[in-house]
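# here is a sequence with its predicted model. Questions after.
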Amino acid sequence: MIMMMMMFAVRAAPRPKPAGLSAAELLLLRRRTLSQLVLGVETSCDDTGAAVLDHRGRILGQSLCSQKEVHLRSGGIVPVVAQRLHRENVERVVRDALSQSGARPRQLSAVAASVKPGLALSLAVGLEYSLAFARRHARPFIPIHHMEAHALTVRLTRPVPFPFLVLLVSGGHGLLALARGVDDFLLLGRTLDEAPGDTLDKVARRLSLAKHPECSSFSGGQAIEHLAKGGSRSKFPFKPPMGQHLDCNFSFAGLRNQVTKAIEKAEQEEGVRPGEMLPCVRDVAAATQHVVAAHLAKRTHRAVLFCKAGGLLPEDSPALVVSGGVASNQYIRKILKIITDATGLLLLCPPSELCTDNGVMIAWNGIERLREGKGIMKHTDHVVYEPKAPFGIDITRQVKEAAIKLPRIKLAISD
């Protein structure tokens, strides 16, 4: 009954006719360009990226300017600093991507840019520059949902048919969804507080891992993953959160509180002041990484069972796609592989360099939308950025009402 209600609700939701190019204009656009080229611009957070892709998914040119070292020195992303660096670098990054591609602006079929969600000051820079570029060269404009772009990046590297399950995990986001089309998603679960990447970064800062000789150039998440390889997670048996909540939502704030208390206790026992390096830092890193991975795996397991019960996944080669910056973590991938092996799904991840924010994923999303004629705007249309934006059709309530209990699976991997 729950699944029937869910499917009826999804079918019954009308979609307003979007502004943008008419059907005749779209047909003319396709006829004019035998090889469709899209310029993608990404500025949703702290990386300035641009890329040019053709209709086959070939990366003709790409450029990325990372702000990681600047923000590492300040202990976190400062929005006004990120905005300034985007402004300083976006024109050069776009110019480099175009130069590599050999394409002139007038040869582009469209310009795509991330407009939601993200840091307001960062999104504003990319949208302002991209719209001005599109207007200057009279090119169509394609506004991109940043998380949808992450979800579809895997289709750039291999032909993954719809529908498929997707887990998007990064420094700013954590969500589970069913991808049914280029702009058609069912939201199964989301983080209720902070994102998994944010949790890993905050634990790394609390441990002062930027001072560790092996981690001075790493982000917080990278430092945790690196040090965890030499640690024992059993030394700190953190409890995965939300064990009594039979849904697919995530919560990491309580977990971080567990880790913080354990760090404080270890500092007292070892006589170490905050800001100094704990002798057991590798064990804390290993335990933190494992409990984050276990929490993600358990919620993903329930999402798989929910989708299977409702016939929402194909019987032939169903897939779980994992993308976003945290998807680069190899330990987390291995834990998720235990779930997909147990449930008969394929685990698919984009290459690590395409998991983090980049212009390639934006351009590819533009190509996918161009193919289907979805969300393509005139360069004269009014477009706004949205720091907070919904993702897909929210069916988290139906997932909770299904109250699916998980069979026991041992989440352990051999070193």
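The structure has been received and is ready for your questions. Computed from a predicted structure; not experimentally measured.
# looks to me like residue 204 is in a strand.
No. Under DSSP: H, G, I helix; E, B strand; the rest coil, residue 204 falls outside any strand and is assigned helix.
# nearest residue to it other than its sequence neighbours?
Counting by CB to CB, 6 or more residues apart in numbering, residue 204 lies nearest to residue 220, which is 3.2 Å off, once chain neighbours are set aside. Any C-beta I mention is one placed from the backbone N, CA and C, and that applies to glycine too.
# ok, now which ones touch that neighbour?
Residues near residue 220 by CB atoms under 8 Å, 6 or more residues apart in numbering: 200-205, 209.
# change it to 10 Å
Contacts for residue 220 (CB atoms under 10 Å, 6 or more residues apart in numbering) come out as 72, 75-76, 171, 197-207, 209-210.
# buried subset of those residues as a ChimeraX selection?
ChimeraX command restricting the contacts of residue 220 to the buried ones, with burial defined by 16 or more other CB atoms under 10 Å:
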select :72,171,197,198,199,200,201,202,203,204,206,207,209,210
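# relative to residue 251, how far out is the residue nearest to residue 204?
19 Å (CB to CB, to the nearest Å).
# do the same with residue 82
Distance from residue 82 to residue 251, by CB to CB: 27 Å.
# now residue 318. Nearest residue, chain neighbours left out?
Residue 318 sits nearest to residue 345 (CB to CB, 6+ apart), 5.0 Å away.
# just checking, the one you found touches residue 308?
Yes. Counting by CB atoms under 10 Å, residue 308 is a contact partner of residue 345 at 9.3 Å.
# can I assume residue 409 sits in a strand?
No. Using three-state DSSP, the assignment for residue 409 is coil, not a strand.
# and the closest residue to it other than its chain neighbours, how close does it get to residue 369?
Distance criterion CB to CB, 6+ apart; nearest residue to residue 409, sequence neighbours excluded, is residue 342 at 5.5 Å. According to CB to CB, residue 342 stands 35 Å off from residue 369.
# neighbour count for these two, which is higher?
residue 369 (22 against 13; other CB atoms under 10 Å).
# name the nearest residue to that one, sequence neighbours excluded.
Residue 369 sits nearest to residue 375 (CB to CB, 6+ apart), 5.1 Å away.
# now do the SS call for that neighbour.
Quick answer, by three-state DSSP: residue 375 is coil.
# buried residues in the helix or strand where residue 295 lies?
If you go by DSSP states H and E, residue 295 is part of helix 281-309. Using 16+ other CB under 10 Å as the test for burial, helix 281-309 gives 281-308.
# on that earlier part again, which of residue 82 and residue 251 has more neighbours?
Neighbours around residue 82 and residue 251, counted as other CB under 10 Å, are more numerous at residue 82. The numbers are 24 against 18.
# list the helices and strands whichever strand or helix holds that one packs on?
Assigned by DSSP H and E, residue 82 falls within helix 79-101. Judged by 3 or more CB pairs under 10 Å, 6 or more residues apart in numbering; DSSP states H and E, the packing partners of helix 79-101 are strand 37-42, strand 47-54, strand 59-66, helix 68-74, helix 120-136, helix 359-372.
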